[in-house]
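S.K.: What follows is a predicted structure for the sequence shown.
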Amino acid sequence: MEFPVIISFYTKNTPYQLEIQNLIASCEAFDLEIQVEGVESFGTWELNCAYKPFFILKTLDELQMPLLWVDADGVFVQKPTWQEAFQSDLSVRYHSELPKDHPSKVISSTIFVAPTPQARHLLKMWIKECQKSLLDPNRKEEFWDQMALRDAILQKPPEITVSSLPLTYAKIFDHPQDCKEVASPVIEHYQASRRSKKFINL
């Protein structure tokens, strides 16, 4: 089957504008279709992250075809193949062994989205969870879009199908456990937020 279109966005005039070039080059190396968009920063790293579900939904409506979101700091290390997980409405790295409220229950650096009404519904639920978290006056922890997606998945109706992507599609380049479990990743993520967050939150 034809591989999904790779999509991503980057914030203009930030280090992510350079990071995205590595993703583009890796897609070109493996002859993968990629669609990238530069957007103006919303002012903070948290708000920029919260734009992710809006962007995915917008692109899904425009292209009407299967998509694979990859964070701007991601790189394809080898040519990907069609995954069984892509038969679901949405696929994301999901740690079933972690508690439901764990911040890393869901890893949203790589996300497959099918062009289905159910997928659109889940994306809209994710958007609402982002808004809910960011507008919470009692919030003390830093906002991560993956925690909002985690909460949306926990609340989803049963007709929406969600599968877990293999770790090979969401490996963090220097994570000890990831490196132990995966010797040959398909996608590797370089955690640009560690380096770039401070430039955006000035």
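M.R.: Received it, and whenever you're ready, just let me know what you need. Numbers count the residues shown, from 1 in each chain.
S.K.: Lowest-scoring secondary structure element of this structure by mean pLDDT?
M.R.: helix 193-200 (a mean of 46; mean pLDDT, DSSP states H and E).
S.K.: Okay, helices next: where are they in this structure?
M.R.: 16-29, 45-63, 117-134, 145-155, 176-181, 193-200 (DSSP state H).
S.K.: nearest to Gln87, of those?
M.R.: helix 117-134 (12.0 Å; Cβ to Cβ). All C-beta spots, glycine's among them, are computed from the backbone N, C-alpha and C.
S.K.: Buried residues, the closest one. List them.
M.R.: Gln118, Ala119, Arg120, His121, Leu122, Leu123, Met125, Trp126, Ile127, Glu129, Cys130, Ser133 (16 or more other Cβ atoms under 10 Å).
S.K.: do the same with stretch 69-77
M.R.: Buried-residue list, stretch 69-77, by 16+ other Cβ under 10 Å: Trp69, Val70, Asp71, Ala72, Asp73, Gly74, Val75, Phe76, Val77.
S.K.: With stretch 49-58 instead?
M.R.: Cys49, Ala50, Tyr51, Lys52, Pro53, Phe54, Phe55, Ile56, Leu57.
S.K.: just stretch 81-100 next, same as before
M.R.: By 16+ other Cβ under 10 Å, the buried positions in stretch 81-100 come out as Gln83, Ala85, Phe86, Ser88, Asp89, Leu90, Ser91, Val92, Arg93, Tyr94.
S.K.: JSON lines please, covering the residues you listed and showing pLDDT.
M.R.: Below are the buried residues of stretch 81-100 laid out as JSON lines (pLDDT from 0 to 100):
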{"residue": "Gln83", "pLDDT": "89"}
{"residue": "Ala85", "pLDDT": "89"}
{"residue": "Phe86", "pLDDT": "93"}
{"residue": "Ser88", "pLDDT": "96"}
{"residue": "Asp89", "pLDDT": "97"}
{"residue": "Leu90", "pLDDT": "97"}
{"residue": "Ser91", "pLDDT": "96"}
{"residue": "Val92", "pLDDT": "96"}
{"residue": "Arg93", "pLDDT": "91"}
{"residue": "Tyr94", "pLDDT": "88"}
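S.K.: min pLDDT across the buried residues of helix 117-134, which one?
M.R.: Within the set of those, pLDDT is lowest for Ser133 (84).
S.K.: Below-threshold pLDDT in this protein: ranges please.
M.R.: The model of the chain has pLDDT under 70 over residues 1, 173-183, 191-202.
S.K.: circling back: please name whichever of the helices of the chain is nearest to Asp101.
M.R.: helix 145-155 (8.3 Å).
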